[in-house]
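Visitor: model the structure of this input:
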Amino acid sequence: MSIRICQFKTCTAPASYHGKCDSHRMRSGCMVKHCPNQVYARKLCVKHGGKQQCQADGCDANARRHGFCCKHGQKPVKKPCLVEGCVKFAHSRRFCAAHGGSRKCRVDACSTFARTDGVCHRHRALLNVHCDKIEPRGAGVKLDSTCYGGITFVETLVYSGESLFGILVCDKAYTIDSVDLTTEDSMILDYLLM
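Guide: Down below sits the predicted model:
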């Protein structure tokens, strides 16, 4: 006794429901005689007219949007920046990123443009690895000794006279303006920042 396979063109699964496998059992076949393709629309497969063809002259590709294929369809129009002489495309508020159409990263002292969830690519990657959210700019949270065990990452954001650290502590990112460090703490931070 031979095992029947599914009636659809490229399927090699065993048939169990009227010549169809489990995944095709609820699908119909094309109404054109001896066509092994499944129905797309109007009881026809794509090959036999189940999908509209491109309206461009001489093109027999399937229509994707507004009656045209990908090649002949209308391309989305990106608007230029409103600043005279600027040739870049506008993002938000009808300006390019360089002219105010983008926001800065929410992490204090980071001057990069925000890309996702109000943070730049670099800080988004840190969030994905280390925590769930970043406190807004200027949160000014001070580090207390009970959180030292919760420090998961230390990064120097700005260095001018005294260091300004952005530290991810206990599932949150904080900016610390000044920290009294012991010699041991300084050595650890120097090692981490190399």
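
Visitor: phi first, then psi, for the closest residue to Lys51 other than its chain neighbours.
Guide: When the adjacent residues along the chain are set aside, Lys51 lies closest to Asn62, with 4.8 Å between them (Cβ to Cβ, 6 or more residues apart in numbering). All C-beta atoms are positioned from the backbone trio N, CA, C, and that covers glycine. Backbone torsions for Asn62, taken as degrees, to the nearest 10, come to phi -70, psi 140.

Visitor: next one: His48
Guide: Backbone phi and psi, for His48 under degrees, to the nearest 10, turn out to be phi -100, psi 20.

Visitor: residues near the closest residue to it other than its chain neighbours, how many?
Guide: Leaving aside its sequence neighbours, His48 sits nearest to Val32 (Cβ to Cβ, 6+ apart; 4.8 Å). Taking other Cβ atoms under 10 Å as the criterion, the count of residues near Val32 is 14.

Visitor: my guess is Phe8 meets Ser28, correct?
Guide: No: contact criterion Cβ atoms under 8 Å: Phe8 and Ser28 do not qualify, at 10.4 Å.

Visitor: now the common contact residues for those two.
Guide: Gln38 (Cβ atoms under 8 Å, 6 or more residues apart in numbering).

Visitor: tell me which of these two has more neighbours.
Guide: Shown here are Phe8 and Ser28; by other Cβ under 10 Å, Phe8 has more neighbours (20 against 11).

Visitor: the residue nearest to Lys51: what's it in contact with?
Guide: Counting by Cβ under 8 Å, 6+ apart, Asn62 makes contact with 46, 51-54, 69.

Visitor: and these, which are buried?
Guide: 46, 54, 69 (16 or more other Cβ atoms under 10 Å).

Visitor: want to throw the residues you listed into a markdown table with distance to Gly85, pLDDT and secondary structure?
Guide: Formatted as a markdown table, those follow (distance: Cβ to Cβ, whole Å; pLDDT from 0 to 100; DSSP: H, G, I helix; E, B strand; the rest coil):
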| residue | distance to Gly85 | pLDDT | secondary structure |
| --- | --- | --- | --- |
| Val46 | 48 | 81 | helix |
| Cys54 | 39 | 88 | coil |
| Cys69 | 37 | 87 | coil |
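
Visitor: looking at those residues, which is nearest Arg106?
Guide: Cys69 (42.7 Å; Cβ to Cβ).

Visitor: shouldn't the closest one be in contact with Cys59?
Guide: Yes: using Cβ under 8 Å, Cys69 makes contact with Cys59 at a distance of 6.1 Å.

Visitor: can you tell me the SS state at the spatially closest residue to Asp117 that is not a sequence neighbour?
Guide: Distance criterion Cβ to Cβ, 6+ apart; nearest residue to Asp117, sequence neighbours excluded, is Arg124 at 6.7 Å. At Arg124 the chain is in helix, as set by DSSP: H, G, I helix; E, B strand; the rest coil.
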